[in-house]
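1. here you go, sequence then predicted model.
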Amino acid sequence: MQEELCLYCVFHINLCYSSIPERQRHEVIQRCYWPLLELADECDMPVGIEISGHSLEWLNSLDPNWVTAFKQRLRDGRCQLIGSGDSQIIGPLVPAVINEKNLSLGQAAYQTYLQQRPSQALLNEQVYAGGLVSHYLKAGFNTIYMDCDNVSGNIERWQNEWRYLPHYARDAQGNRIRLTWTSSLMWRKCQQFVYREISHSEYLQFILSHRGSGRRALCWYGNDAEVIGYRPQQVSDPYHEHEWQRLIEMIRLVREQPGVAFICPAEVSRLYDQPMSGQVLCLQSPSNPLPVKKLPKYNISRWAVSGRGDLVLNTCCHRLLAALKARGGGTEQWRRLVRLWSSDYRTHITEHRWDALQQEIRQWYEWLNISQQSESPLQETRHLIRARDFQALGIFHHMDAEQQTLSLRTEHVLVQLNLRKGASLRSLAYPQHQWMPVMGSIALGFFRSPELAADYYTGHVIAETAHGPTRCTDLLPVQAKLAVNDGWLVVSVNQTTPLGMVEKQWWLSRLAPCLRYRVSFPGWQPVRGVLRVGHFTLLPHAFSDLYWHCHNGGYAPETFYLNQALSHGEPASRLVSCRSGVGATEGELSLGDNRRQVVMRWDPGACAAMPMLHHQPDRHQALTRVIFSLAELDDTSCGAAVLPLTVDISPA
């Protein structure tokens, strides 16, 4: 069998990257994009270049000669175009229609500026969800590029040889698309060499260590072009100017090695004839439902509830989408909305661009006739209830002798609230479940494992800030106020924490099986840290063989079985507060088993919170919770405003 290591590369171009000041875009073109084309010329090596439609538009405006030169190299076969969409959006965090529009607009831009439509696509920020597969297929792509290193742990019976071969990614509906790997490990190692952190010989030996029996394909670089020869905050360093030349020298050295060849990324498909290629893979797992490139600390929360104002910005985008659907709009309006969802606004965005973004959103609100006034965090209740009113309203009401547990029951909902612990939910039951409690609190001592030796409540708030009070909750004694509002019985409480007031309400429907949870934070300053609410805890005796499902950027929901311990909210490092989360892009998440299900619904256009799952087995029981995050801490966090959240909880 022929032994050959086939090396390929995919350079990611993003002129709109968040931390690149607009005044430096010309500099980026000169320092990074022209040298990239020269790399293909001087090394006589096919180079994969991925670029968004938005970046192409900017390049054609700022330096049309570069676009012309790129087209020439595409025709000559020295470069390969790899697509991504009109904008770099994080697919599992946006509604399906936005993903569909983004890819179709991107294909139109490639046709306009480059006179071709690519058939291969690099997943934006290497964030994957099964719901994206059908979008790429519909847009005309037959191959996606995904980071191998961060998904191999998700794949059952993973074999190391698979990382050198092409395969297929599949979704829950059985659709599959060709899969070519990139590698965080490889491009990080390459950057170490380019930055002179390792020597020629060390890097060469690292590359050659990947040779093996048969033919192998390896992506030696699959990351940003802008990190070679340029830094957004330019530091005086004479080596920056020579980084591309250093890379050229290494490529020539590697080329001289026996059994090594540089290939075009598209040629990886020729390795489908290898014995272990063509595996049909599910790239997700319950503990890592939305895999991302790089290290575990680099996760989905950085575009969902971190940054300069991700929560508010994502909420605005959802609200604008709903209004645009209702009003209707042309191609240009859809393109503008797609670009508002770009990841470039959600990480290290410059203050100048952030201010311009706020102005654009205000213009959208004016055009769509949307009020910019913030709505009342909690709807006003009316008709306070007196003790003698309960029977007339068909409501069961009971307070225990110690004035701790308040029990309330309508025809459709039964709840118990713990007034000693912030009116947290002690138990919730519906007639559809034969009044068996399905959600509530679990007392200390229920679990035998020392790791679970605690009380677990439902409906409370936990805030942890980088400065000031390190941790606060609303699990304090409260006085409850009861009222009726149309077809609802409303329980209201409020209390003061070191960070400000927390107002909470439980709404029991008198007309349908539904419990509504509402929480708001009047007067709070922007939070730089962690803010998690709800902590909805399933009662173990009510479920077995649990699963959850929700939409992650696709038109169809994805299902995950809770067959392993997981904790999305576990810190990834001292400075990164969580490991993962779910998209739930339709504002709905269901949990349950074959007997009982609980559905949680919220409006992302009011609060685009990020759900996180926690599941920890303990013998024949398990602690299972859904936690809604309004803020997480990482390197992008600047301190952002928080929003009130409303969640409806119903039986399926």
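-> Everything's here; your move.

2. phi, psi of L591?
-> L591 has phi and psi values of phi -130, psi 150 when expressed as degrees, to the nearest 10.

3. just Y113 next, same as before
-> The main-chain torsion angles of Y113 are listed as degrees, to the nearest 10 and equal phi -90, psi -30.

4. quick one: it and I82, what's the gap?
-> Shown here: Y113 relative to I82, a distance of 15 Å by C-beta to C-beta, to the nearest Å. For the C-beta atoms, the positions are set from N, CA and C on the backbone; glycine is no exception.

5. the two: which is more packed in?
-> When Y113 and I82 are compared on other C-beta atoms under 10 Å, the one with more neighbours turns out to be I82, at 26 against 19.

6. residues contacting the more buried one?
-> V10, G48, I49, E50, P118, Q120, A121, L122, Y145, P265 (C-beta atoms under 8 Å, 6 or more residues apart in numbering).

7. reformat those residues as a markdown table; add secondary structure, distance to L546 and pLDDT.
-> As requested, the contacts of I82 are arranged in a markdown table below (DSSP: H, G, I helix; E, B strand; the rest coil; distance: C-beta to C-beta, whole Å; pLDDT from 0 to 100):
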| residue | secondary structure | distance to L546 | pLDDT |
| --- | --- | --- | --- |
| V10 | strand | 39 | 98 |
| G48 | strand | 42 | 98 |
| I49 | strand | 44 | 98 |
| E50 | strand | 39 | 98 |
| P118 | coil | 41 | 98 |
| Q120 | strand | 38 | 98 |
| A121 | strand | 34 | 98 |
| L122 | strand | 35 | 98 |
| Y145 | strand | 33 | 98 |
| P265 | helix | 41 | 98 |
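
8. out of the residues you listed, which is most surrounded?
-> Counting by other C-beta under 10 Å, L122 has the largest number of neighbours within the contacts of I82, with 29 neighbours.

9. wait, doesn't it sit right on I51?
-> No: with contact defined as C-beta atoms under 8 Å, L122 does not count as touching I51 (9.6 Å).

10. anything in contact with each of the two?
-> Residues touching both L122 and I51 (C-beta under 8 Å, 6+ apart): H12, S84.

11. which residue ranges of this structure form helices?
-> Under the criterion DSSP state H, the chain contains helices at 25-28, 34-43, 53-62, 64-76, 96-114, 133-138, 184-194, 200-208, 243-255, 301-304, 310-327, 331-340, 351-367, 389-392.

12. mind giving me the packing neighbours of the fifth one?
-> Under the contact criterion of 3 or more C-beta pairs under 8 Å, 6 or more residues apart in numbering; DSSP states H and E, the helices and strands touching helix 96-114 comprise helix 53-62, helix 64-76, helix 133-138, helix 310-327, helix 331-340.

13. so what sits opposite S520 in the bridge?
-> As for beta bridges, S520 partners with E503 under DSSP bridges.

14. touching, it and G500? I think so.
-> No: with contacts counted by C-beta under 8 Å, S520 stays clear of G500, the gap being 10.3 Å.

15. nearest to R25 among the contacts of I82?
-> The shortest approach to R25 among these belongs to I49, at 17.1 Å (C-beta to C-beta).

16. sorry, back to before: got the helices of the chain as TSV, with mean pLDDT and distance to D171 columns?
-> Conversion of those to TSV gives the following (pLDDT from 0 to 100; distance: least, C-beta to C-beta, whole Å):
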stretch	mean pLDDT	distance to D171
helix 25-28	94	36
helix 34-43	95	33
helix 53-62	97	25
helix 64-76	97	30
helix 96-114	98	12
helix 133-138	98	4
helix 184-194	96	23
helix 200-208	96	34
helix 243-255	94	37
helix 301-304	96	22
helix 310-327	95	23
helix 331-340	96	22
helix 351-367	91	32
helix 389-392	75	50
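
17. save those helices as a markdown table, and put in distance to R471 too.
-> Listed next are these as a markdown table, based on distance: least, C-beta to C-beta, whole Å:
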| stretch | distance to R471 |
| --- | --- |
| helix 25-28 | 42 |
| helix 34-43 | 47 |
| helix 53-62 | 41 |
| helix 64-76 | 51 |
| helix 96-114 | 36 |
| helix 133-138 | 41 |
| helix 184-194 | 33 |
| helix 200-208 | 43 |
| helix 243-255 | 44 |
| helix 301-304 | 19 |
| helix 310-327 | 20 |
| helix 331-340 | 34 |
| helix 351-367 | 29 |
| helix 389-392 | 38 |
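
18. how does this protein divide into domains?
-> Structural domains of the chain, as assigned by automatic domain parsing, span the residue ranges 4-284, 310-367, 382-651.

19. turn those domains into a markdown table, including distance to Y298.
-> Compiled in a markdown table, the domains of the chain are given as follows (distance: least, C-beta to C-beta, whole Å):
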| stretch | distance to Y298 |
| --- | --- |
| domain 4-284 | 9 |
| domain 310-367 | 10 |
| domain 382-651 | 8 |
